[in-house]
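Chemist: would you be able to build a 3D model of this:
(one chain, ligands or ions: 1)
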Amino acid sequence: MRAVALLVALSLSLIASAQDEILTLFPEGIPCANEHTMEIVERADIGRVVSKVHNPTLAVYRPDPARANGTAVVICPGGGYTILAYDWEGTRMAEWFNTLGVTAFVLKNRLPRWESEDCRHKVALLDAQRAMRLVRMKADEYGIDPQRIGVMGFSAGGHLASTLSTHFDAGDPNASQSVDRENCRPDFSILMYPVISMDPAFGHMGSRTNLIGENPSEEMIEHFSNEKQITEETPPAILIHASDDKAVPVKNSIVYYEALLENNVSAAMHIYEEGGHGFSFGEGRGAVAGWRKVCEDWMSEQGFLTPRLQALIIDGQNNHKNWPETTPILKNHLLNTGLFMVDVATTPAAGADMSSFNPDFSKYDLVVSNYNGDPWPVKTQRAFEDFVANGGGFVSVHAANNAFPNWKGYNEMIGLGGWNGRTEKDGPYVYYNDAGEEVIDDSPGKGGHHGDVHSFTIQVRDSVHPIMAGLPTTWLHTDDELYDQLRGPARNLHVLATAYNDPSIRGTDRHEPMLMTIHYGLGRVFHTTLGHLNESQLCQGFATTFQRGAEWAATGSVTQPVPEKFPGKKETMMVEK
Ligand code: ZN
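Modeler: Reported below is the predicted structural model:
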């Protein structure tokens, strides 16, 4: 017992240097709790070996922020459901993932071998499901994309990882713990010499007995034979195994791989001739030592190592009191592209001291303004001008073009603006006539007006531009304000789409610009005048043009496909939840 205590102390000193933080999985109380005291033994060859886990945890390993790509992996070490090879198949994997820019979480799950008859088949999966939900709930905090969280497992930990991959749920919306409302489906799995099947012909009998006992029912065998639980919803997987594995026959990987293919799930498998079992990195065991490169290439091909574009939404003041609702809508539109990570910067309230508002724009590829309020500090204005002039992307949404009437650089970025005293001193009107010609109109008058909220037709004026390519040439936009009589410097301004402003609803009888691009220095600006109501922003036409405009502003090109469902000439269409 004294030896164990000494080793625990030694391990704790190691813990402090490597990982960032330990998360307790069930702070509210552990389901199926046991009475054990955890034991940790330090082995010269494989490091810490953990058994009799009482309190399941996740150890957090964060990559260098400059390399972080938004992907995360929960790692399940192996050990026959009796022990955990915690360093050999856990912490060293986490450190490797960090070098790829991946955030890693080493799971210390409870072990069926030490559990009661009632709990032995439940505890490991309970812990893995909770771990996945917890990582997803904390995605924002850790800079993780909630759609790029995978699971990795070794041997019996591979059984746990494949069990999670085939026994997940979308979360319980009525759960008392907010973490239990999260989805626990992994987005991918990496299965290392995994136990897959409970079939006695090729399953690993030690793991099987620990998990479901000496005389399991047929139902139990079937339930935990994961090759029989695969559906089209099972996440894509890569399996790594060696033909000469004497402990877990390679057939475990093969049956899982075949079932994935039968269900049209993307799958890769790499079987080495030699390597044996439990090889971890495989150093000194021949070709198998190359598996990490194979795995990295697979993750790369799946898109899991591609850095996300970084976007910042600015809000905090707006004459549109629904801004706290529209910011999450805009954020979701960006996240749903799968291209962006999104931060939000909220200014002080109207009239409050603005001097502290100074976001670090240089961290971002894109800034989206959902802001119409007090001037920013001059220093912040200059920093924003530098950001866009040096190639940063900017998207102005609806009333953001009302903001900052006296900030010259900002008005050059948005091209056209309205209200707040804008007149001919600020630049011409820009609109289209019935002949389809762009009109630059210097006549005097106020800038900015709209008629009643109504549904109107968007007419594309440039169907070749990357933002518009492939979209219908006209579509019906849902209820919104149709901004008219905007005026501004209009330099380097290109109109992508207009809407006819019917005099019968207090309109101008002109075709007013709705979607525009502006070049400001090296930077690209996408300007959408649309988006008055929450519903206006939930129109599929708004969402698609906003998403494509955001990508174009951030990168200069558009890779997003045109959605299959899009508003028609006579029917609006809302974004599907
Ligand atoms: Zn409005």
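Chemist: residue in the stretch 151-300 of the chain nearest to the ion?
Modeler: Of all residues in the stretch 151-300 of the chain, residue 173 sits closest to the ion, at 32.2 Å by Cβ to the ion. For glycine as for every other residue, the C-beta is placed from the backbone atoms N, C-alpha and C.
Chemist: that residue - nearest residue in space that isn't next to it in sequence?
Modeler: Nearest residue to residue 173, sequence neighbours excluded (Cβ to Cβ, 6 or more residues apart in numbering): residue 181, at 5.7 Å.
Chemist: next one: residue 28
Modeler: residue 177 (5.9 Å).
Chemist: report how many residues lie close to the one you found.
Modeler: By other Cβ atoms under 10 Å, 15 other residues sit near residue 177.
Chemist: on that earlier part again, contact partners for the residue nearest to residue 173?
Modeler: Going by Cβ atoms under 8 Å, 6 or more residues apart in numbering, residue 181 touches 171, 172, 173, 175.
Chemist: how about the secondary structure of the nearest residue to the second one once chain neighbours are set aside?
Modeler: Beyond its immediate neighbours in the sequence, the residue positioned closest to residue 172 (Cβ to Cβ, 6+ apart) is residue 180, lying 5.5 Å away. In terms of secondary structure, residue 180 is helix; the call rests on DSSP: H, G, I helix; E, B strand; the rest coil.
Chemist: again with residue 190
Modeler: Per three-state DSSP, residue 190 ends up strand.
Chemist: okay but it is in contact with residue 76, surely?
Modeler: No. Contact between residue 190 and residue 76 fails when scored by Cβ atoms under 8 Å: they sit 10.1 Å apart.
Chemist: which of these two has more neighbours?
Modeler: More crowded of residue 190 and residue 76, by other Cβ under 10 Å: residue 76, with 34 against 26.
Chemist: residue contacts, the residue of the chain found nearest the ion?
Modeler: Nearest residue of the chain to the ion: residue 532, at 3.4 Å (Cβ to the ion). Residues in contact with residue 532 (Cβ under 8 Å, 6+ apart) are 320, 398, 399, 453, 480, 481.
Chemist: so which of these also contact the ion?
Modeler: residue 481 (Cβ under 5 Å from the ion).
Chemist: among the contacts of residue 532, which pair sits farthest apart?
Modeler: 399 and 453 (13.7 Å; Cβ to Cβ).
Chemist: tell me which of the two has more neighbours.
Modeler: residue 399 (25 against 16).
Chemist: my read is that that one contacts residue 320, right?
Modeler: Yes. In terms of Cβ under 8 Å, residue 399 counts as a neighbour of residue 320; the distance is 5.4 Å.
Chemist: hey, what's in contact with both of these two?
Modeler: 372, 532.
Chemist: tell me the SS of the residue nearest to the spatial centre of the chain?
Modeler: With distances taken as Cα atoms, centre = their mean, residue 145 lies nearest the centre of the chain, 2.6 Å away. Under the three-state scheme (three-state DSSP), residue 145 adopts coil.
Chemist: apart from its chain neighbours, what residue comes closest to it?
Modeler: residue 70 (3.9 Å).
Chemist: now the strand or helix carrying residue 297: average pLDDT?
Modeler: In this assignment (DSSP states H and E), residue 297 forms part of helix 291-301. Mean pLDDT, computed over helix 291-301, is 97.
Chemist: ok, and what's touching it?
Modeler: Residues contacting helix 291-301 (Cβ under 8 Å, 6+ apart): 71, 96, 100, 102, 188, 190, 238, 240, 268, 270, 272, 281-282, 305-306.
Chemist: thought the residue nearest to the centre of the chain was touching residue 139?
Modeler: Yes. Here residue 145 reaches residue 139: they are 6.8 Å apart, a contact under Cβ under 8 Å.
Chemist: if we can go back for a sec, mind checking which of the contacts of helix 291-301 land in helices?
Modeler: Filtering the contacts of helix 291-301 for membership in helices, criterion DSSP state H, returns residue 96.
Chemist: of the contacts of helix 291-301, closest to residue 432?
Modeler: residue 306 (39.1 Å).
Chemist: quick check: that closest one vs residue 350, distance?
Modeler: The gap separating residue 306 from residue 350 is 40 Å, by Cβ to Cβ, to the nearest Å.
Chemist: more neighbours, those two?
Modeler: residue 306 (16 against 12).
Chemist: residues touching the more buried one, list them.
Modeler: 69, 300.
Chemist: which residue ranges of the stretch 151-300 of the chain form strands?
Modeler: Secondary structure of the stretch 151-300 of the chain (DSSP state E, counting those that start in this stretch): strands at 189-192, 237-242, 267-272.
Chemist: just the ones you listed: most buried one?
Modeler: Among these, strand 189-192 has the highest mean neighbour count (mean count of other Cβ atoms under 10 Å), at a mean of 28.
Chemist: pull out the CA atoms of it and give them to me as PDB.
Modeler: Extracted C-alpha coordinates of strand 189-192, given in PDB (Å, rounded to 0.1, in the frame of the first residue of the first chain):
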ATOM      1  CA  SER A 189     -13.100   7.000 -34.600                       C
ATOM      2  CA  ILE A 190      -9.500   5.800 -34.600                       C
ATOM      3  CA  LEU A 191      -9.600   2.100 -33.500                       C
ATOM      4  CA  MET A 192      -6.200   0.600 -32.500                       C
END
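Chemist: that older thread, just flag the most distant two among the contacts of helix 291-301.
Modeler: Farthest pair in these, by Cβ to Cβ: 272 and 306, 27.6 Å.
Chemist: how far does the longest strand along the chain sit from the chain's center?
Modeler: Selection of the longest strand in the chain by residue count, based on DSSP state E, yields strand 511-520. Relative to its chain's centre, strand 511-520 lies at 30 Å (Cα atoms, centre = their mean, to the nearest Å).
Chemist: pull out the buried positions in it.
Modeler: Using 16 or more other Cβ atoms under 10 Å as the test for burial, strand 511-520 gives 511, 512, 513, 514, 515, 516, 517, 518, 519, 520.
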